[in-house]
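Peer 1: what shape does this take:
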Amino acid sequence: MLKVSKSRQIVAEFFATEDEQEKLVKTTVVNIDNTAVSTVTETLHEPELYAKYRKDMRKDEQELRNMRYQIEDEILAELEAAGKAETT
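Peer 2: Residues are numbered from 1 along each chain as shown. Below you'll find the predicted structure:
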């Protein structure tokens, strides 16, 4: 018997330009399982740059959060549709 669990992953890299070079400041990995539950792992590579560009980083973090919620909502809609299909 085959059982398949669908999951989704987002890998986001946050960069800042310093001395005309793009520097990786932070990496965030979001794993979303088949029940729309997210696990988030963050690695801060350059704390000083994060502090310096915090305002811009937070805008990008919010964009990532919105993307995550959209995917969670899509999974929930798929689960709901599958549940309705099973009852009809």
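
Peer 1: residue boundaries of the helices in this protein?
Peer 2: Assigned by DSSP state H, the chain shows helices spanning 47-52, 54-87.

Peer 1: below-threshold pLDDT in the protein: ranges please.
Peer 2: In the predicted model, the chain carries pLDDT under 70 at residues 86-88.

Peer 1: please identify the deepest-packed of the helices of the chain.
Peer 2: helix 47-52 (a mean of 14; mean count of other C-beta atoms under 10 Å). In this view, the C-beta of every residue, glycine as well, is placed from N, C-alpha and C.

Peer 1: ok, and what's touching that helix?
Peer 2: 14, 16, 18, 23, 25-26, 44, 57 (C-beta atoms under 8 Å, 6 or more residues apart in numbering).

Peer 1: can you do 10 Å?
Peer 2: 14-18, 23-26, 44, 46, 56-58 (C-beta atoms under 10 Å, 6 or more residues apart in numbering).

Peer 1: and the residues you listed, which are buried?
Peer 2: Buried residues within the contacts of helix 47-52, defined by neighbour count using 16 or more other C-beta atoms under 10 Å: 14-16, 25-26, 46, 57.
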